[in-house]
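[1] kindly return the folded structure for what I paste below:
(one chain, ligands or ions: 1)
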Amino acid sequence: MTAASGWGILKAALSARFAMHTIAPSTRLRPSPFHEATLAEGVRGFTVYNHMLMPTDYGDPVGEYQRLLNGVALWDVAVERQVQLAGPDAGRLAQILTPRDLSTLGAGEGRYVALCDHAGTLINDPVLLKLADDRFWLSIADSDALFWARAIAAERGLEVDVSEPDVSPLAVQGPQAEAVVAALFGDWVRGLKRFRFKETAIDGIPVVVARSGWSKQGGFEIYLMDGSRGRALWDLVREAGRPWDIGPGSPNAVERVESGLLSWGGDTDARTNPFEVRLGRFVDLDVPDDVVGIAALRRIAARGPARHQLGVLLEGDEPTPPPIRWREIVKDGLPIGHQTNGVWSYRLRRNIGFALVSVTATPGDDVEVLVDGARIPGRLAELPFL
Ligand code: THG
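    Predicted coordinates:
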């Protein structure tokens, strides 16, 4: 695949911009229970997420991408921390924290939800799991939702304990993920619908098995419920996946941009509301008035959001390095918003990204993107790209 030569250029450009640094060991950056396993796999790069290190790179970007699209990959996503709501008011607190209607959510079901502040700003976009009427997990993105949930619970006088349990997800993603997870746990996993889950155990390791994951290639997440067994669980999945040539990977920046999945904190800023980033379908305006932010969200919905999220394709057939800052987008000489992420799409053979732009801009519009001082021609597009 000629993408490999493209990658060579990208790597050269990257190393010119980022020197190689090390991360100081510290008990403040908590290791994942899968940390030793990922080191043994040859992990090469990390990002910081929820005050933890998350593997992002095993040294073979094209191979890792192809494994996700055509095979099956194993991801250490322990950084997707759980905020547990436990107690008689757990269900009330869950509904107060999100404008998505939870009245029909059953035990063993999950849902992708928006957390908003009182101004309707999106402050996290977790997967919510209902374990029982009095126990929920928010599987959070990269913001301190635990403190938020505690504060709201206390201010509302709710009888609920908010804590971080010893739970760490391991994602198995790709078209062969179902075969691997079925080989491990049994054929019942094939019947799981998206975001549904079951508590079970394997070799005495307590886990939750869910159909979910931050890719559009299908897959499961195995939530490890005993942090001392990380290596054991990793090795079990690795062994079960051998017939399908499983290998290590990580949440894949290229695939998620092609697929249109949101990265909170990367694609959002401190003023972004859910309507602007395609999460309006998860906001139910008729939830009770005590839901945090609902009054503001109703006002925004009535007025119509100022920005919306589209794709942007840049001119040129050479990979450019991923942006580390939002890039200004200009249309007819006027700034209309920003490109919020950027990757070289192996399938489209273009530099692509998300555009958070004025609603006056629409797919098909010709724009210019400011890339390191240069004005690169681009075109707005519908999301997802693929
Ligand atoms: N799994 C778990 N926890 C997580 C993530 C995850 N926490 C952090 C982060 N990812 C939360 N963000 C997302 C974003 C998108 C999706 C899931 C979590 C997702 N979206 C689909 C989509 O947009 O097409 C489906 C949405 C739907 O139809 O309901 O899956 O990945 N445990």
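[2] would you mind listing what in the chain touches the ligand?
    80, 112, 125-127, 139-141, 169, 212-214, 221, 261-262 (C-beta under 6 Å from any ligand atom). No exception for glycine: its C-beta is placed from N, CA and C like everyone else's.
[3] Tyr223 falls within a strand, correct?
    Yes - under DSSP: H, G, I helix; E, B strand; the rest coil, Tyr223 falls within a strand.
[4] count the residues that sit near it.
    The number of residues packed near Tyr223 is 24, by other C-beta atoms under 10 Å.
[5] ok, it touching Val207?
    Yes - judged on C-beta atoms under 8 Å, Tyr223 makes contact with Val207 at a distance of 6.0 Å.
[6] all strands of the stretch 1-150 of the chain, in order?
    Ranges of strands within the stretch 1-150 of the chain are 45-49, 52-57, 73-76, 82-86, 109-112, 115-116, 122-124, 127-132, 135-139, based on DSSP state E, counting those that start in this stretch.
[7] check what contacts the third one and list those residues.
    Read that as strand 73-76. By C-beta atoms under 8 Å, 6 or more residues apart in numbering, the surrounding residues in contact with strand 73-76 are 32, 34-35, 37-38, 54-55, 64, 67, 170-174, 213, 234, 237-238, 241, 246-251.
[8] follow-up on the earlier one: in a markdown table: the strands of the stretch 1-150 of the chain, plus mean pLDDT and mean neighbour count.
    Formatted as a markdown table, these follow (pLDDT from 0 to 100; neighbours: other C-beta atoms under 10 Å):
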| stretch | mean pLDDT | mean neighbour count |
| --- | --- | --- |
| strand 45-49 | 95 | 16 |
| strand 52-57 | 96 | 21 |
| strand 73-76 | 98 | 28 |
| strand 82-86 | 99 | 23 |
| strand 109-112 | 98 | 20 |
| strand 115-116 | 98 | 26 |
| strand 122-124 | 98 | 25 |
| strand 127-132 | 98 | 21 |
| strand 135-139 | 99 | 23 |
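[9] which residue does the stretch 201-350 of the chain have closest to the ligand?
    Among the residues of the stretch 201-350 of the chain, Trp214 lies closest to the ligand, at 3.4 Å counting by C-beta to the nearest ligand atom.
[10] can you tell me the closest non-neighbouring residue to that residue?
    Distances taken as C-beta to C-beta, 6 or more residues apart in numbering place Pro251 nearest to Trp214, at 5.0 Å, with adjacent residues excluded.
[11] my read is the one you found is in a helix, agree?
    No - using three-state DSSP, the assignment for Pro251 is coil, not a helix.
[12] which ones are touching it?
    54, 56, 75, 77, 171, 214-215.
[13] do you know how far it is from Ala153?
    Distance, Pro251 to Ala153, by C-beta to C-beta, to the nearest Å: 30 Å.
[14] and for Gln339?
    According to C-beta to C-beta, Gln339 stands 38 Å off from Ala153.
[15] more crowded one of these two?
    Gln339 (28 against 22).
[16] any idea how far stretch 252-262 is from the chain center?
    9 Å (C-alpha atoms, centre = their mean, to the nearest Å).
[17] so Gly311 touches Arg350, yeah?
    No - Gly311 lies out of contact with Arg350 (C-beta under 8 Å); the separation is 10.2 Å.
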